[in-house]
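1. Quick one, fold the following:
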Amino acid sequence: MNDAHSGIVKAVIPAAGLGTRFLPATKATPKEMLPVVDKPAIQYVVEEAVNAGLTDVLMITGRNKRALEDHFDRNYELEDALRRKGDHDRLSRVEESTELAALHYVRQGDPRGLGHAVLCAQPHVGDEPFVVLLGDDLIDPRDPLLTRMAEVRQEYGGSVVALMEVDPDQVHLYGCAAVKPTADDDVVKITDLVEKPAHGEAPSNHAVIGRYVLDPAVFDVLRTTEPGRGGEIQLTDALRRLTENETLGGPVHGVIFRGRRYDTGDRGDYLRAIVRLACEREDLGPDFRAWLKQLVAEGL
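-> The predicted structure follows:
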């Protein structure tokens, strides 16, 4: 993504949430550190950013999130123990997380919503476009969503949001976009955004998923955005204001994502994500798939 045509190098990963849906596991462990097979969920997100060419990653953290920083920091005692044992495979996996990107951290002292978390990134991001990645959505590395979104920003300007077509019965769980087609089959212009619309009131079945390429003008809009749903400052509300007045920071377009996405936002989807990813692993998949088939055959 950081080639000559995009100019985008910075990623922002909000990670200050309490993870209440996963209690009691998240009482003392950040939800972002819950393992997905053998890596914490947050590492998949950082790897996605790095694979898209982003080299500067800022995490917005909160209280009890020290484990995030520790995971991406060096652990000299562990590395030395593995080196002395000659366990170079595990050593390389431990070292990998410390060498991914230039990682920075800032605390969101008052958890006032996703929009406020993004606003906390302004001193670091400055006056340049940036990417926001939410940890509840894991995008398969074989589907370069961020790269496509950067291309769309280059062509259309403004900000770009990732969208997925979902079952109309599920759209109330997401931010939802009203859209108009463009000349590109996978690109739409967003004319309105609604955060978690009531049943029957969604403008479409195009749901916002957790990837954004944002123009820095969004900071000024967020600063004057009133608290919305849940009493929080919603990023969706700020983007909606951009759709209503493009002079504030350009248009908002959506990339319709039809690739592989693993939702770790609730317990059921988290378990399904682990199963799907484990089945696709060369080292685990064959034995695991055989066990699953036996399990299904036994009617469990």
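2. which residues sit against the one helix or strand residue 222 maps to?
-> In this structure, residue 222 sits in helix 218-223 according to DSSP states H and E. Applying CB atoms under 8 Å, 6 or more residues apart in numbering, the external contacts of helix 218-223 come out as 115-116, 118-119, 122, 125, 159, 233, 235, 238-239, 241-242, 248-249. (Glycine included, C-beta is placed from N, CA and C.)
3. next helix or strand past that helix?
-> Counting by DSSP H and E, what follows helix 218-223 is helix 235-244.
4. In terms of secondary structure, what does that following helix contact?
-> With contacts taken as 3 or more CB pairs under 8 Å, 6 or more residues apart in numbering; DSSP states H and E, helix 235-244 sits against helix 114-119, strand 159-165, strand 187-195, helix 218-223, strand 252-256.
5. Include mean neighbour count when you put the ones you listed into TSV, please.
-> As requested, those are arranged in TSV below (neighbours: other CB atoms under 10 Å):
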stretch	mean neighbour count
helix 114-119	24
strand 159-165	24
strand 187-195	21
helix 218-223	21
strand 252-256	24
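6. So what does residue 121 look like in phi/psi?
-> Dihedral pair for residue 121: phi -80, psi -10, per degrees, to the nearest 10.
7. Select, out of the helices and strands packed on helix 235-244, the one closest to residue 45.
-> For the helices and strands packed on helix 235-244, the distance to residue 45 is smallest for strand 159-165, at 13.4 Å, taking CB to CB.
8. Now the element after that closest one, going C-ward?
-> Strand 159-165 is succeeded, C-terminally, by strand 175-181 (DSSP H and E).
9. Tell me how this structure divides into domains.
-> Following automatic domain parsing, one gets these domains for the chain: 10-265, 266-300.
10. Among those domains, show me which one is buried the most.
-> domain 10-265 (a mean of 18; mean count of other CB atoms under 10 Å).
11. Check the offset of that domain from the chain's centre.
-> Between the centre of domain 10-265 and the centre of its chain there are 3 Å (CA atoms, centre = their mean, to the nearest Å).
12. Which residue ranges of the protein form helices?
-> 41-51, 66-71, 76-85, 88-96, 114-119, 122-125, 145-156, 218-223, 235-244, 267-280, 285-297 (DSSP state H).
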